[in-house]
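Visitor: Sequence first, then the predicted structure:
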Amino acid sequence: MSEVSTPALRAEALEDLLVEQGVFAPEQLDAIIEMFNERVGPMNGARVVARAWTEPDFKARLLNDATEAIAEYQFEGGQVDKLVVVENTDEVHNVVVCTLCSCYPWAMLGLPPKWYKDPAYRSRIVREPRRVLEEFGLQVADSKKIRVWDSSAEVRYMVLPQMPERLLTADETARAAAVGRDAMIGVALVQ
Amino acid sequence: MTVRELDGAAAPPMTNGELAFEAPWQGRVFAMANALCDAGAFQWSEFQSALIDEIAAHETDHGAPYAYYERFQAALEALLTRKGVIDLSALNVRSEAYRHRPHGHDHDH
């Protein structure tokens, strides 16, 4: 388990003190963070997915050892976590959660959405994934197996979604642009 | 509500024209600075000056990796202390207490 860095601790302490003093409410901060989500975006993950769709060698390396495969991008900021990429196929749909808290491959996907930290998502996606995915608007065929991957401080998961046919003729930039955050968590498909 | 801009010497790291956070806490402090400004704790220009000063003061840190958000956090602490919004010793005590939280309380996301 990695040590929490000093600035991270000071930032947390500062936030808690200011909330206690009534300077701002945590919800205000969350709202600003939500806005960052749109600006930071899951660009890194989308680039990796788009490349894996077209380069079989890269895809094989990604599925074998994602941490090593993405090392050349230098996405990470000193984290030692292991990234595991799981592939959606015609037989299996994958979805990611962190039942313990809210571990998330932020180097790939930006900041986590609020619902990812919601205790309801964290407990229900494990017990009744098909139903929770339906609530996200995603119908997974009964014939398809659903695998739920539980992230931890040591291992972060990311889904490699299936490429829709309409993207066969698109270039890599257009493909990457089509890959949304939710598809890489596994609660949506690439449209 | 808008995300305020920082440019010149105080410009944050960007990738493809987007804010590049290396860890969630960096997003939190960036959000805090904006929320504090919204709350009237300081003018954005005051924060920008504090950040430029803080960055300039560390330009001589040879060998140390450039850590924009550490400077950001330090600038925020300095400005809030100067404005009397926070008590720096209370912040030190709280940070130290968090360091000693039992393992597994939570981890670095």
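Guide: Noted; the coordinates are in hand. If you're wondering where the values come from, they're calculated on a predicted model, not measured in any experiment.

Visitor: Map the structural domains onto the sequence of chain A.
Guide: In terms of domains, chain A is parsed into A:6-38, A:40-185 (source: automatic domain parsing).

Visitor: Nearest to residue B:47, out of the ones you listed?
Guide: domain A:6-38 (13.9 Å; Cβ to Cβ). Backbone N, C-alpha and C define where each C-beta goes, glycine included.

Visitor: re the thing from before, between the domains of chain A, which one is closest to residue B:38.
Guide: Proximity of the domains of chain A to residue B:38 was assessed by Cβ to Cβ; the nearest stretch is domain A:6-38, lying at 7.3 Å.

Visitor: That closest one near chain B at all?
Guide: Yes - contact of domain A:6-38 with chain B (Cβ under 8 Å from any Cβ of the partner chain) involves A:6-18, A:21, A:23-24, A:28-29, A:31-33, A:35-36.

Visitor: Derive a PyMOL selection command for the buried subset of these.
Guide: With 16 or more other Cβ atoms under 10 Å in any protein chain shown as the criterion, this PyMOL line picks the buried residues out of the residues of domain A:6-38 next to chain B:
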select buried, chain A and resi 7+8+9+10+11+12+13+14+15+17+18+23+24+28+29+32+33+36
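
Visitor: Among the residues of domain A:6-38 next to chain B, which lie within helices?
Guide: Among the residues of domain A:6-38 next to chain B, DSSP state H puts A:6-18, A:28-29, A:31-33, A:35-36 in helices.

Visitor: Dump the domains of chain A to CSV, plus mean pLDDT.
Guide: Conversion of these to CSV gives the following (pLDDT from 0 to 100):
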stretch, mean pLDDT
domain A:6-38, 86
domain A:40-185, 87
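
Visitor: possible to save those domains as JSON lines with distance to residue B:43?
Guide: Rendered in JSON lines, the data for the domains of chain A read as follows (distance: least, Cβ to Cβ, whole Å):
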{"stretch": "domain A:6-38", "distance to residue B:43": "15"}
{"stretch": "domain A:40-185", "distance to residue B:43": "26"}
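
Visitor: Can you check which of those domains gets nearest to residue B:28?
Guide: Of all the domains of chain A, it is domain A:6-38 that lies closest to residue B:28, at 5.6 Å by Cβ to Cβ.

Visitor: Tell me where chain A has strands.
Guide: Assignment of strands within chain A using DSSP state E yields the ranges A:82-87, A:92-97, A:145-150, A:155-160.

Visitor: Torsion angles phi and psi at the nearest residue to residue A:33 once chain neighbours are set aside?
Guide: Nearest non-adjacent residue to residue A:33, counting by Cβ to Cβ, 6 or more residues apart in numbering or on different chains: residue B:31, 5.2 Å away. Taking degrees, to the nearest 10, you get phi -70, psi -40 for the backbone angles of residue B:31.

Visitor: correct me, but residue B:31 touches residue A:27?
Guide: No - using Cβ atoms under 8 Å, residue B:31 and residue A:27 do not qualify as a contacting pair, with a distance of 11.4 Å.

Visitor: who's more crowded, the two?
Guide: Ranked by neighbour count (other Cβ atoms under 10 Å in any protein chain shown), residue B:31 and residue A:27 place residue B:31 first, with 23 against 8.

Visitor: Next one: the more buried one from residue A:99, what distance?
Guide: From residue B:31 over to residue A:99 the distance is 26 Å, taken as Cβ to Cβ, to the nearest Å.

Visitor: Quick one: the strands in chain B, in order.
Guide: If you assign secondary structure with DSSP E, the strands in chain B sit at B:14-15, B:18-19.

Visitor: Give me the most central residue, chain A.
Guide: The C-alpha lying nearest the average C-alpha coordinate of chain A belongs to residue A:185 (Cα atoms, centre = their mean; 4.4 Å).
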